[in-house]
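S.K.: fold the stuff below for me.
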Amino acid sequence: MEKASDRAARGPRCIALVGPYQSGKTTLLEALLCRSGAIPRQGSIAQGNTVGDNTSAAREHAMSVEMNVASTSFMGESLTFIDCPGSIEFAQDQQSALAVCDAAVVVCEADEKKIPALQLILKQLDELGLPRLLFINKVDREESRIRDVLQMLQLASERPLVLRQIPIWQNGVVTGFIDLALDRAFLYREHAQSELIAAPDELADRKKEARFQMLEKLADYDDRLMEHLLDDIEPPEDLIFNDLSRELAEGHITPVLLGSAEHGNGVFRLLKAIRHEVPDVSHTAARLGLADGAGSVAQIFKTVYASHGGKYSLCRVLSGRLADGDTVTGSRGNQERIAGIFTVFGQEFRKHGANAVPGDTVALGRLESIAAGETIAVSKTAPDQLLMPPPLTPVYGLALLVNDRKDEVKLTAAVQRLVAEDPSLVFEHDAGTREMVLWGQGDVHLKVALERLAGKYGLSARTEPRRIAYRETVRGPATARGRHKKQSGGHGQFGDVVLEIRPLERGAGFKFTDTITGGVVPKQYIPAVEAGVRDYLQRGPLGYPLVDLAVNLSDGSYHNVDSSEMAFKAAARLAMVQAMEQAGSILLEPIVSLEIHVPSDATARINQIITGRRGQLLGYDSRPGWRGWDTVQAYLPEAELQNLIIDLRSATAGVGTFTYRPHHLAEVTGRLLEQVKAAALAETG
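M.R.: Alright, predicted model coming up:
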C-alpha cells in the first residue's frame, strides 16, 4: 500500500473557502497563498493589501461581496482556492462556486451565535454532496476546551466531526498542536512551518483518548481498522490516511483541524490535508453527472465583466482539454470561439500559458453568448446540461429611476450585465405598475449593485419603494345607460348601450355577455362595446385596474348613418362610469402565502413581526431535517413584504429566509384605504 506522504499528484484541485460572516476566510486565503509561495508575504484586510477583497466595494462595506479566486501550487500540485462571501445576501457566488469544487474548507470559530449560519452552510454542502474539512480558526484567542468546542459545533453538522488535532496549551495560550493521525506534536511558528517537538508528557492521556476516538469513528466504515482496534494493534499510518481520504470523499466524516489564519498557524497542515485527502476532479465530474468519455467538457460557474478585457467566463475543466481558439458549444446550443485562457489571481487575469487540463479552474475570454451555469464542450452539438443549483430566489425589490429617460436604454443594458455576473439579481419591467424593478437578496445586496452600476458604467439610478399592484372590484350590482352622440357637420357619432354589472367571486377575472334581442345593438358593434368596457377596466374610480366582475350588454339603440364602432366603444365607457358610481368600488390588495425558515429561538419574534405587519399567522412547526429550526407559515399583504427581509435578518443574526407566492386579493379598509386613494390622486395630479 502506498504511503500517504508519497502519493502521486492527483491533478489540479479546486477548494472553496466558506464559513459564517467574519470567520476569517479571506485571511486564510492570504495565509494559504503565502505558505504555498504564491505571494512573498501575508497581507492583511486592515492594511488593504490582500489578494482577495481588494476592491472598493469590499472595503466600503467591510466584508466580502463577491467570490475571490486565486490559484497556486503546493508540493507540485495545482490548487485553486475560491474565497466565498459569508453574508447570506451574497450567497449566490458561494452556491455557484461550490457546485464545481472538489471540496470545501469550512472556516469557523467557537462562537455559539454563529451556529445557525454554520448550519446553513453545512446543509448546503450536504445537498450538493460535497466533501468538507472544518478549520477552527482563531485558536490563539480561544479559551474553551476543544472537546467542548467540538460538541458545540457538532450541533450544526449532520455528519460526525472527526478531530484531527488537539491543541497544546502553555500559560493559557495555544502554542501548538498534536496531529492525531501522525501521532506527532508541533510547535507553532509565526508565518512559518510548525516545528516538530516531543509531545508534552502531561498530554499523554488526552492524546491517547482523542486519537482512539478519531480511529474509532474511522473504523465505523472500515472493518480492517476495527479489527486492529479490537485486537489492540497499532494501525499502520497508511491505513489511517487512506481511511481519512476515502471517508472524506464518500461523505462519511468531516475532519476538523485547528489554527490561526492571522498568524499562519496550522496552515501548512491544512494544505497537506487538502493535497493528500481531497478527491480529484473525476469525483466532481461524476457528482455533476458527467458521463465517462464525454470529451472536452467544462462547467461555467461565474461571468465577470472586467473594466479592461471584456467578458470572462470562469469555468472548471471536467474532462479533456481546452485550447485557445477552440470553438465551444454551450448547453443552450450557442457556439463561441475561446479568445484566451487565463489563470485568475484576485483581480488579475494572467495568461494560462498552455491548454487547460482536467481539474484546471480558468477564465475563458469572450464567450459572449454563453452564460454562467452553462456546460460547454469542444463539440458541434450542445452538451447535456450538468447538475447546477438554480439561482437564488429574490426577496427584496426596489424601483429604479433615472433622471433622463434617454438613459433608460443604457440602464437596461448595464443592469443586464450585472445580472449576468450575479444571477441572484433579477431585473424586470413590471407591466402592472409600469416600473423598472431590481430584485435581490437584501438592502446591502442592492446597494452594492447600484454602486457597481455607477462605478463601472457611469449610470446613477435613484431608487424608491416599488408600487403595489392594487386592484378594484365592484361592490354590488348596477345598471346604467351610456349614450355617445355628436354632430359636427356631415356624419355624426351615435352609440347607445345599457350595461348591467355585478361582482364575481375572487379570482374569477372578467366576464362579458350580451342579451340583446331584436337587433337594438347590431352584432357588428357588440365587440366594440366589449372593447370599450375592457378599456375602462384598465383604470377604475380609485385609479387601479378592475377585476372580478361581470358585464352584460342588455339594451341600446343605434343610428343607420351615424353609428360606428368608435361611437359604441365610447358609449360603453360612459355606461361603465355611470354604473360604477352607482355600484361603488372596493380596493383590493394582493396577499401572499409566506413560508419563513428561522432558528427556533427566534420564532416568537418572527410571529410578532408578522402580526405587526397585518399578517395572518397560520402556524409553525419544526423544519423537517433541520435541528433547532422552525418553519412559520402566514398570509401577508404584499405591501408589508417590502422590508420584511431586513427585519427578519435582524431578528435571526442574518440567517432567516423566506419564500412566498401570490395567493389571493383582500379588501383594503380604514386608514390604509385613504392613504392609497390619496397616493393615486396625487399621481394623477
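S.K.: go ahead and confirm residue 290 touches residue 296.
M.R.: No - checked against Cβ atoms under 8 Å, the pair residue 290 and residue 296 is beyond contact range at 11.4 Å. In short, each C-beta sits where N, CA and C put it, glycine included.
S.K.: report the buried residues of the lengthiest strand in the chain.
M.R.: Using DSSP state E, we find that the single longest strand of the chain is strand 585-599. Using 16 or more other Cβ atoms under 10 Å as the test for burial, strand 585-599 gives 585-592, 594, 596-599.
S.K.: same check on stretch 154-165?
M.R.: In stretch 154-165, counting by 16+ other Cβ under 10 Å, buried: 156, 157, 159, 161, 162, 163, 164, 165.
S.K.: before we move on, what about stretch 311-323?
M.R.: Buried positions in stretch 311-323, judged by neighbour count with 16+ other Cβ under 10 Å: 311, 312, 313, 314, 315, 316, 317, 318, 319, 320, 321, 322.
S.K.: any chance of the residues you listed in TSV, plus pLDDT?
M.R.: Listed next are the buried residues of stretch 311-323 as TSV, based on pLDDT from 0 to 100:
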residue	pLDDT
311	96
312	98
313	98
314	98
315	98
316	98
317	98
318	98
319	98
320	97
321	97
322	98
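S.K.: nearest to residue 566, of those?
M.R.: residue 311 (51.8 Å; Cβ to Cβ).
S.K.: does residue 595 really touch residue 659, like I thought?
M.R.: Yes - the criterion here is Cβ under 8 Å, and residue 595 meets it with residue 659 at 5.2 Å.
S.K.: tell me the secondary structure for the nearest residue to residue 347 once chain neighbours are set aside?
M.R.: With Cβ to Cβ, 6 or more residues apart in numbering as the criterion, residue 347 has its nearest non-adjacent residue at 6.2 Å, and that residue is residue 54. Under DSSP: H, G, I helix; E, B strand; the rest coil, residue 54 falls in the coil class.
S.K.: let's have the chain start at 49 instead
M.R.: Sounds good: first residue 49 from here, last item residue 102.
S.K.: gap between residue 102 and residue 114?
M.R.: 11 Å (Cβ to Cβ, to the nearest Å).
S.K.: looking at the two, which is more packed in?
M.R.: The neighbour comparison of residue 102 against residue 114 (other Cβ atoms under 10 Å) goes to residue 114, with 22 against 16.
S.K.: dump the residue contacts of the residue lying closest to the more buried one once chain neighbours are set aside.
M.R.: Computed as Cβ to Cβ, 6+ apart, the closest residue to residue 114 that is not its neighbour in sequence is residue 141, at 5.7 Å. Residue 141 sits next to 114, 115, 132, 133, 350, 470 when contact means Cβ atoms under 8 Å, 6 or more residues apart in numbering.
S.K.: over to residue 710?
M.R.: For residue 710, the contact set (Cβ under 8 Å, 6+ apart) comprises 638, 639, 640, 641, 686.
S.K.: that one should be in a helix, yeah?
M.R.: No - judged by three-state DSSP, residue 710 forms no part of a helix; its state is strand.
S.K.: what segments of the stretch 449-598 of the chain are helices?
M.R.: Ranges of helices in the stretch 449-598 of the chain, per DSSP state H, counting those that start in this stretch, are 455-469, 491-505, 574-585.
S.K.: as JSON lines, the ones you listed with distance to residue 300 and mean pLDDT would be great.
M.R.: Conversion of the helices of the stretch 449-598 of the chain to JSON lines gives the following (distance: least, Cβ to Cβ, whole Å; pLDDT from 0 to 100):
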{"stretch": "helix 455-469", "distance to residue 300": "37", "mean pLDDT": "94"}
{"stretch": "helix 491-505", "distance to residue 300": "36", "mean pLDDT": "94"}
{"stretch": "helix 574-585", "distance to residue 300": "62", "mean pLDDT": "98"}
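S.K.: got TSV for those helices, with mean neighbour count and distance to residue 518 too?
M.R.: Output for the helices of the stretch 449-598 of the chain, formatted as TSV (neighbours: other Cβ atoms under 10 Å; distance: least, Cβ to Cβ, whole Å):
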stretch	mean neighbour count	distance to residue 518
helix 455-469	16	25
helix 491-505	18	24
helix 574-585	19	14
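S.K.: quick one, which of these is nearest to residue 91?
M.R.: helix 491-505 (22.5 Å).
S.K.: and the closest one with helix 455-469, angle?
M.R.: Orientation check (axes from the mean of the first three to the mean of the last three Cα atoms, to 10 degrees): helix 491-505 against helix 455-469 gives 110 degrees.
S.K.: which residues touch helix 491-505?
M.R.: With Cβ under 8 Å, 6+ apart, helix 491-505 has contacts from 104-105, 108-109, 113, 135, 137-138, 353, 355, 444, 446, 458-459, 462-463, 465-466, 470, 472-473, 486, 488, 507-509, 511, 691, 693-694.
S.K.: chain center to that helix, what's the gap?
M.R.: Its chain's average C-alpha position is 17 Å from that of helix 491-505, according to Cα atoms, centre = their mean, to the nearest Å.
S.K.: again, but for stretch 147-159
M.R.: 17 Å.
S.K.: could you do stretch 276-289 as well?
M.R.: 44 Å.
S.K.: with just CA atoms, put it into PDB.
M.R.: Taking C-alpha atoms only, stretch 276-289 is exported to PDB below (Å, rounded to 0.1, in the frame of the first residue of the first chain):
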ATOM      1  CA  HIS A 276      -6.800  -3.500  14.700                       C
ATOM      2  CA  LEU A 277      -8.600  -1.600  17.400                       C
ATOM      3  CA  LEU A 278     -10.400  -4.700  18.900                       C
ATOM      4  CA  ASP A 279      -7.100  -6.500  18.900                       C
ATOM      5  CA  ASP A 280      -5.300  -3.500  20.500                       C
ATOM      6  CA  ILE A 281      -2.900  -3.400  17.500                       C
ATOM      7  CA  GLU A 282      -1.400  -0.100  16.400                       C
ATOM      8  CA  PRO A 283      -2.800   0.500  12.800                       C
ATOM      9  CA  PRO A 284      -0.400   1.400  10.000                       C
ATOM     10  CA  GLU A 285      -0.100   5.100   9.200                       C
ATOM     11  CA  ASP A 286      -1.100   4.300   5.500                       C
ATOM     12  CA  LEU A 287      -4.300   2.700   6.600                       C
ATOM     13  CA  ILE A 288      -5.300   5.700   8.700                       C
ATOM     14  CA  PHE A 289      -4.600   8.200   5.900                       C
END
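S.K.: re the thing from before, from the contacts of residue 710, which is closest to residue 266?
M.R.: With Cβ to Cβ as the yardstick, the closest approach to residue 266 among those comes from residue 641, at 46.7 Å.
S.K.: okay, residue 729 and residue 590: tell me how far apart.
M.R.: Residue 729 sits 9 Å away from residue 590, going by Cβ to Cβ.
S.K.: look at these two and report which has more neighbours.
M.R.: residue 590 (20 against 11).
S.K.: surely the more buried one is in contact with residue 726?
M.R.: No - using Cβ under 8 Å, residue 590 makes no contact with residue 726, being 10.7 Å away.
S.K.: and the longest helix for the protein?
M.R.: Looking across the chain with DSSP state H, the single longest helix is helix 613-631.
S.K.: list the buried residues for that one?
M.R.: Using 16+ other Cβ under 10 Å as the test for burial, helix 613-631 gives 615-624, 626-628, 631.
S.K.: do stretch 551-564 as well
M.R.: Across stretch 551-564, burial judged by 16+ other Cβ under 10 Å covers 551, 558, 560, 562, 564.
S.K.: how is this protein divided into domains?
M.R.: The record assigns the chain these domain ranges, following automatic domain parsing: 60-327, 336-425, 444-513, 520-631, 637-732.
S.K.: format those domains as a markdown table; extra columns: distance to residue 431.
M.R.: As requested, the domains of the chain are exported to a markdown table (distance: least, Cβ to Cβ, whole Å):
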| stretch | distance to residue 431 |
| --- | --- |
| domain 60-327 | 15 |
| domain 336-425 | 4 |
| domain 444-513 | 20 |
| domain 520-631 | 43 |
| domain 637-732 | 31 |
